[in-house]
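Got a sequence here, can you model it:
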Amino acid sequence: MSPTHDIHGAVRRSAGQVTFLGAGPGDPGLLTLRAVEVLASADVLLADPLTADAVRVHCPPGVELHSADPTASGDPDALVFGGSAVSRLFPAVQAGKHVVRTVDGDPGLDGRAAEEMLVCAQAGIAFQVVPGIAQTVGIPAYAGVPLRSGTGTDVRFVDARQPLTDGNWGNLGGCDATLVVRTLLGALPTAAQTLVAHGRKPDTPVSVTLEGTTTRQRTYTATLGTLAAELKAARVLPSPVSAPVDPASSVIAVVGPQVAQRTALSWFETKPLFGWNVLVPRTKDQAGALSEQLRSYGAVPSEVPTIAVEPPRTPQQMERAIKGLVTGRYEWIAFTSVNAVKAVREKFEEYGLDARAFAGIKVAAVGETTSQALVDFGVKPDLVPSGEQSAAGLLEDWPLYDPVFDPIDRVLLPRADIATETLVAGLVELGWEVDDVTAYRTVRASPPPAETREAIKGGGFDAVIFTSSSTVRNLVGIAGKPHNVTVIACIGPATAKTAEEHGLRVDVLAPAPSAAALAEALADFGAARRDAATQAGEQVYRPSERRPGSRRKAR
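Model (predicted):
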């Protein structure tokens, strides 16, 4: 059981409680700060399916998981007892546990959540409500469709997942309000025809958004009169040549003049790498900033480690180096990778040392991630290359040894066992003595899961980002060669040469040897590709949708 304090720090009642929590429309980033706090105190999680993965990551380890999906065939956790998904968990609440019931969207606009709150009240079960971003508000915003302009626009929210009465349709068809309709995909053509039959003009603009606020979002625009034909042409509804989307899929439709502004205001689906599945052959620790940058461009990064890091076979060399560092043997220590920082830090912790052991020693670092790893350790680098973030760039800024100003002439260089001699040779030329120490070994990682290997070879990824020659060699070695429709992006000429030697066509080359520049170059490539298709009057496809047999979807 998690701590017996509620989210405000007060002692929780022994009878426990239920929290009805709005998890938003689908984008994990739309969870509120209050929602994250509540999830951290959950003992039991009862989650709606759309946002289940997004909320689970904020729960404590060992949280008891249940599905609130009443249609989950064969799953006893998905059954609804007494008309309420939450009622079966009342014994847990009475045992003092905190049950968090997450609702896709906002609990206040969800009829099932309201019924479950009533069941709690009738049973004397304490509950609270944490509002969330409603799907009917969040999804139009992500589709670039403002619901109001000025102060005179009336907005009506309609839940048409269950059939509406003729009177309701009459009221909706006879008004001038912008309608935000939550309904099922298969019901859209009939809904459009009914609105026209009750007074709405056939040329009234309408937008339809599927899987809103996620990187799978798709928005289609038409009029009430042309909606059915447009969705068939886009291969969303059944037609003689299409494989349709599940007609039971939930969609958000907006009806009214506001839809016309989408052309100018679409900001999400027009991101340069929107929906692209990008393979990043690095570990999560190494790929953190790179993956976050790719997400900002709309991509879905997948980290696949190609290199595993292991301790050196003979640790005595590293142990002597750490002792020398503490006893004043070195004037400088140079870090060329995050793994080198990690190896030294682990040795420090093993000996009970901390960042204070670097007092009096000058520290150099190559690259932003290496510098940040040092800062996280409590050490601010004295020297970072002003230009190219590489060994050559570091040598450009490294000072000559001066016996007058440098009391010690020795540099400690903890690195990988496969590191090149460029930095060592350059430092020697500058007059320094170098202790080149193997801090860690790099070995080829284990192959990724079978489905990932199949996606790599079969064209399931839209792009692969290579940040070194070793990532090229190791990825091909453990998973096979990427499909020829996959965009290949390389950090520099040496990496590009290795890729070409392995039979890969290099599409993107970073203008500078940094992960940030590489991600930006890939985004520029995606934007140019999208603009070319748009100017030619063609639909925009992701690269993976161009492979033979792939299903193509309109964007």
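
So in this protein, which strand runs the longest?
Looking across the chain with DSSP state E, the single longest strand is strand 433-444.

The stretch 101-250 of the chain: strands as residue ranges?
Secondary structure of the stretch 101-250 of the chain, counting by DSSP state E, counting those that start in this stretch: strands at 127-130, 155-159, 178-184, 205-210, 218-223, 250-255.

Could you confirm Ala419 falls within a strand?
No. Assessed with DSSP: H, G, I helix; E, B strand; the rest coil, Ala419 is coil; it does not lie in a strand.

I'd assumed Phe335 was in contact with it.
No. Using C-beta atoms under 8 Å, Ala419 makes no contact with Phe335, being 11.7 Å away. (Glycine included, C-beta is placed from N, CA and C.)

So which of the two has more stuff around it?
Shown here are Ala419 and Phe335; by other C-beta atoms under 10 Å, Phe335 has more neighbours (28 against 19).

Could you pull up the mean pLDDT of the top helix by length along the chain?
In the chain, taking DSSP state H as the definition, the longest helix is helix 515-535. Helix 515-535 shows a mean pLDDT of 94.

For it, list every residue counted as buried.
Buried residues in helix 515-535, counted by 16 or more other C-beta atoms under 10 Å: 515, 517-523, 525-526, 529-530.

Between the residues you listed, which sits nearest Gly144?
Closest approach between the buried residues of helix 515-535 and Gly144, by C-beta to C-beta: Arg530, at 15.4 Å.

For Asn277, see how far away the closest one is.
16 Å (C-beta to C-beta, to the nearest Å).

domain parsing for the protein?
17-133, 137-265, 277-306+446-546, 310-444 (automatic domain parsing).

Which residue is the nearest non-sequential neighbour of Arg200?
Gly173 (4.9 Å; C-beta to C-beta, 6 or more residues apart in numbering).

which sections of the stretch 101-250 of the chain are below the confidence cut-off?
The stretch 101-250 of the chain contains residues with pLDDT under 70 at 150-152, 239-244.

what's the burial count for the residue lying closest to Arg216 once chain neighbours are set aside?
Closest residue to Arg216 in three dimensions, ignoring its sequence neighbours and counting by C-beta to C-beta, 6+ apart: Gly275, at 6.5 Å. Look at Gly275: counted by other C-beta under 10 Å, it has 21 neighbours.

give me the element Gly275 is part of.
Assigned by DSSP states H and E, Gly275 falls within no helix or strand.

my guess is it meets Tyr541, correct?
No. Assessed by C-beta under 8 Å, Gly275 is found out of contact with Tyr541, at 10.2 Å.

Not counting sequence-adjacent ones, nearest residue to Gln317?
Val437 (5.4 Å).

ok, that neighbour to Arg415 distance?
Using C-beta to C-beta, one obtains 7 Å as the distance from Val437 to Arg415.

What of Ala516?
Applying C-beta to C-beta, the value for Ala516 to Arg415 is 23 Å.

What of Ser250?
For Ser250, the distance to Arg415 equals 53 Å [C-beta to C-beta].

on that earlier part again, which stretch among the strands of the stretch 101-250 of the chain comes nearest Ala391?
Using C-beta to C-beta, the strands of the stretch 101-250 of the chain put strand 218-223 closest to Ala391, at 45.9 Å.

what pairs with that closest one, and is each one parallel or antiparallel?
strand 205-210 (antiparallel) (DSSP bridges).

what's the strand it pairs with in contact with?
Under the criterion C-beta atoms under 8 Å, 6 or more residues apart in numbering, residues 139-140, 142-143, 145, 185, 188, 192, 216-224, 227, 231, 236, 245, 249, 251-260, 262 lie in contact with strand 205-210.

at 6 Å instead, please
Outside strand 205-210, the residues that touch it by C-beta atoms under 6 Å, 6 or more residues apart in numbering are 139, 143, 145, 218-224, 227, 251-255, 259-260.

Which stretches in the stretch 401-550 of the chain count as helices?
422-429, 450-458, 469-479, 493-501, 515-535 (DSSP state H, counting those that start in this stretch).

mind checking how far the most far-flung residue of the chain relative to its centre is from Lys362?
The C-alpha centroid of the chain is most remote from Val404, which lies 52.6 Å away (C-alpha atoms, centre = their mean). If you measure Val404 against Lys362 using C-beta to C-beta, the figure is 16 Å.

next one: Leu147
Applying C-beta to C-beta, the value for Leu147 to Lys362 is 58 Å.

can you check Pro312 too?
As for Pro312, its distance to Lys362 is 24 Å (criterion: C-beta to C-beta).

neighbour count winner among Ser250 and Arg415?
Arg415 (22 against 17).

Tell me which residues touch the more buried one, please.
Residues in contact with Arg415 (C-beta under 6 Å, 6+ apart) are 336, 340.

and it, what pLDDT?
With respect to pLDDT, Arg415 has a value of 87.

Show me what it is bridged to.
Beta bridges link Arg415 to Thr438 when assigned by DSSP bridges.

Could you report the distance from it to Arg441?
For Arg415 relative to Arg441 (C-beta to C-beta), the value is 11 Å.

Neighbours of Lys323, how many?
Lys323: 12 surrounding residues under other C-beta under 10 Å.

Need the three-state assignment for it.
helix.

Please pick the buried ones from the contacts of strand 205-210.
By neighbour count, with 16+ other C-beta under 10 Å, the contacts of strand 205-210 hold 139, 143, 145, 218-224, 227, 251-255, 259 as buried.

and the residue lying closest to Val338 once chain neighbours are set aside, what element?
Computed as C-beta to C-beta, 6+ apart, the closest residue to Val338 that is not its neighbour in sequence is Ala373, at 4.7 Å. Using DSSP H and E, Ala373 sits in helix 368-377.

any idea which helix or strand comes after that helix?
Next along the chain from helix 368-377, counting by DSSP H and E, comes helix 391-397.

can you tell me which residues contact Val130?
Neighbour list for Val130: 21, 34-35, 38 [criterion: C-beta under 6 Å, 6+ apart].

Buried subset of these, written for PyMOL?
Burial among the contacts of Val130 is assessed by 16+ other C-beta under 10 Å; the matching PyMOL selection reads:
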select buried, resi 21+35+38
